[in-house]
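Undergrad: Quick one: sequence plus predicted model below, questions after.
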Amino acid sequence: MLSRINSLSFFLLFPVLKRPNCVSAILVPSRNHSKFKILGIETSCDDTAAAVVDSDGTIHGEAHYSQQETHLDLGGINPTVAKELHKKHIKSVVDKALANANCTVDDLHAIAVTMKPGLALSLWVGMTYGKHLSALYNKPFIPIHHMEAHALTSRLVYKDLEFPFLVLLVSGGHCLLSYAKSSTEFYTLGSQLDDAPGEALDKVARNLKLRNLETFRNMSGGKAIEQAALTGNPYGFEIHSLVLSNKRNCDFSFSGIKNAAFRKIKATEEQFKVKASGVVPNYADICASFQYILTQHICHRVQRALEFLEMENLIPDPACRKLVISGGVASNTFLYESLSKVCDHYNYTTLRPSPALCTDNGVMIAWNGVELYRTNSSRIVHDPAQLHTVDIEPKVPFGTDWRQKVVDRNIRIEVFHFLQR
C-alpha cells in the first residue's frame, strides 16, 4: 500500500527536515481543549496548499502554489507533472504557511491531510509529507475527505451555520448534492453521471480557443467563460434543452451540454470560415448560452432536493434552511445568483465561502481537521506507529447514498424561468 512508507523512505523523499531533539508521549486530544491549532495540507489535484487554523476559526497563516499555468499549456492536468510539482513545492509551501502563522510544527496540535478523493499521484505526495511531519514531531494525523472539507468550509466563514443544511459541491471533478447532518454524516441526494461542471466549462473554453485571446490568456476555462458571458446573450443560441428533465432524481449530466456546445462551435467556425487558431466572433454569446443552460440544469436539480427535504421534514427549523455552495465552480457569480433566486422561492438562505476558499486550499483542510479534532474523531491516528493503517483513496463515495430515496418520492418540478440577469 502507498501509505506503508517507513521512516527511511520519508527521509529519502524529504531529507532537509531534521528530527526534533526529543519525542513526547502519544498525544490524545482532550475534549476540553480551550484552543488548538491544526495544520492542513492539500494536494488532491494540481494545487499545493497549506494553512494553520485554530479552534476559533482564526486563519493564522496560509500558503499556496498553483500549477494552473503549467497545465493550461499542456491542455489539461497531467498527473505525473502534477506529482513532480507537488514534490518540488510542498516543503516550501508548508514552511511558508507556518512562517505566516508565526509558529512551528511544535506549536501544532495535529496535522490534517487530504487523503481522498483525487489524483492518486498528487494525494500520495501530500500524504507522504504529512505522515513524515506526524512521525517526526509525534503529532496526531487526521485523514481528510476532500469533499467533506469543501462542505464544511462555510462553517468557518459563517459562525452561526448549524447542522443540518443542504450542500451543493460544484467543481472540476465533482457535482454533488448532499444533506449534511453533522461534520461526519452526509447523505448524497444527487451526483454527476459523467463530466463534472468545471470539466465541461474547461473543455468548452478550450474548444472555443479562448486562450488565444489576450483577455483570457491566463484564466482557467471556467473563469474565461464566466467573463466572456458578461457581454454575451444567454439566449443567443439554443445549445441544449433542459437536461434529464424526465428523470425525477437529483443527478447531474453535463456531457450532453458540452457536446452540444462543441457542435455549435464547429458550425459557427464553418459559418465564419475561422482559421485553426482563430476564435469565432460571437464567442461571448456561445459562452453566455452555455453558462445559462448549465446553470438552469443545476438549479433544476437543486429545486428537487429542496422539495425532497420538505417532504421528509429533514430541516424543520426555518433558521436552519440554508444551501451551502462550495467548490471551484461556486465562485461563478451567475450560478450563485441564480441559485439564490431558487432558494428565495423556497425560503432558504444561500451561503458560499469567498472565491479563494471555494477553490482547493489549505484552510478548508485545516478547518475540517478542527471539526474532527474537536470531537476526538475515531478517524484520527494518534500513534505514529499506526500511520500505515491509513492510505489514500483516489475514488471514494461521498457519504451515504440517498439518491434512490429521492427517486421513490417521484417529485415533479416546474422549471423557473427567472435565471436571467
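TA: Sure thing, it's come through.
Undergrad: Could you use CA atoms for every contact and neighbour count after this?
TA: OK.
Undergrad: Centroid-nearest residue for the protein?
TA: G327 (3.6 Å; CA atoms, centre = their mean).
Undergrad: how about that one, what does it touch?
TA: G327 makes contacts with 150, 169-171, 358-360, as judged by CA atoms under 8 Å, 6 or more residues apart in numbering.
Undergrad: quick one: K209 and K275 touch, right?
TA: No - using CA atoms under 8 Å, K209 is not in contact with K275; the gap is 11.2 Å.
Undergrad: Quick one: list the elements packing against the longest helix anywhere in the chain.
TA: Counting residues, the longest helix found in the chain (DSSP state H) is helix 283-312. The contact analysis (3 or more CA pairs under 8 Å, 6 or more residues apart in numbering; DSSP states H and E) places helix 283-312 against helix 221-229, helix 255-272, helix 333-345, helix 403-409.
Undergrad: Show me the domain layout of the chain.
TA: Using automatic domain parsing, the domain ranges for the chain come out as 34-154+359-389, 160-357+400-409.
Undergrad: which of these sits most buried?
TA: A comparison of these by mean neighbour count, using mean count of other CA atoms under 10 Å, puts domain 34-154+359-389 on top with a mean of 22.
Undergrad: Residues touching the one helix or strand E62 maps to, excluding its own?
TA: E62 is located in strand 59-66, with elements delineated by DSSP states H and E. Strand 59-66 is contacted by residues 46-54, 89, 93-94, 96-102, 361-363 when judged by CA under 8 Å, 6+ apart.
Undergrad: Would you report the backbone torsion angles of the residue nearest to K209 when sequence neighbours are not counted?
TA: Excluding its sequence neighbours, the residue lying closest to K209 (CA to CA, 6 or more residues apart in numbering) is V279, at 6.1 Å. Main-chain torsions, V279, degrees, to the nearest 10: phi -120, psi 140.
Undergrad: Now do the contacts for V279.
TA: Contacts of V279 (CA under 8 Å, 6+ apart): 208-210, 212-213, 269.
Undergrad: now what about stretch 147-167, what contacts it?
TA: 57, 117, 168-169, 176-184, 314-315, 320-327, 351-353, 357-358, 364-365, 367-368, 398.
Undergrad: And the strands in the stretch 101-250 of the chain?
TA: Under the criterion DSSP state E, counting those that start in this stretch, strands of the stretch 101-250 of the chain are mapped to 110-116, 141-145, 165-170, 175-180, 186-191.
Undergrad: how close does the residue nearest to the centre of the chain sit to S178?
TA: For G327, the distance to S178 equals 13 Å [CA to CA, to the nearest Å].
Undergrad: E42 now?
TA: From E42 across to S178, the span is 22 Å (CA to CA).
Undergrad: what's the answer for R301, then?
TA: R301 is 12 Å from S178, by CA to CA.
Undergrad: Repeat that for A51.
TA: Distance of A51 to S178, given as CA to CA: 26 Å.
Undergrad: And for I315?
TA: Separation of I315 from S178 (CA to CA): 13 Å.
Undergrad: give the contact list for the closest residue to L85 other than its chain neighbours.
TA: Counting by CA to CA, 6+ apart, L85 lies nearest to Q67, which is 7.6 Å off, once chain neighbours are set aside. The neighbourhood of Q67, defined by CA under 8 Å, 6+ apart, consists of 46-47, 82, 85.
Undergrad: Arrange the residues you listed in TSV, one row each, with distance to K247, secondary structure and pLDDT as further columns.
TA: Output for the contacts of Q67, formatted as TSV (distance: CA to CA, whole Å; DSSP: H, G, I helix; E, B strand; the rest coil; pLDDT from 0 to 100):
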residue	distance to K247	secondary structure	pLDDT
D46	34	coil	87
D47	36	strand	91
A82	38	helix	88
L85	42	helix	92
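Undergrad: Turn the residues you listed into TSV, including distance to L193.
TA: As requested, these are exported to TSV (distance: CA to CA, whole Å):
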residue	distance to L193
D46	23
D47	25
A82	26
L85	31
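Undergrad: Tabulate the helices and strands packed on helix 283-312 (a markdown table), appending mean pLDDT and distance to L108.
TA: Below are these laid out as a markdown table (pLDDT from 0 to 100; distance: least, CA to CA, whole Å):
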| stretch | mean pLDDT | distance to L108 |
| --- | --- | --- |
| helix 221-229 | 96 | 36 |
| helix 255-272 | 95 | 44 |
| helix 333-345 | 95 | 36 |
| helix 403-409 | 98 | 40 |
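Undergrad: Can I get those helices in CSV including distance to K37?
TA: Output for these, formatted as CSV (distance: least, CA to CA, whole Å):
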stretch, distance to K37
helix 221-229, 34
helix 255-272, 42
helix 333-345, 32
helix 403-409, 37
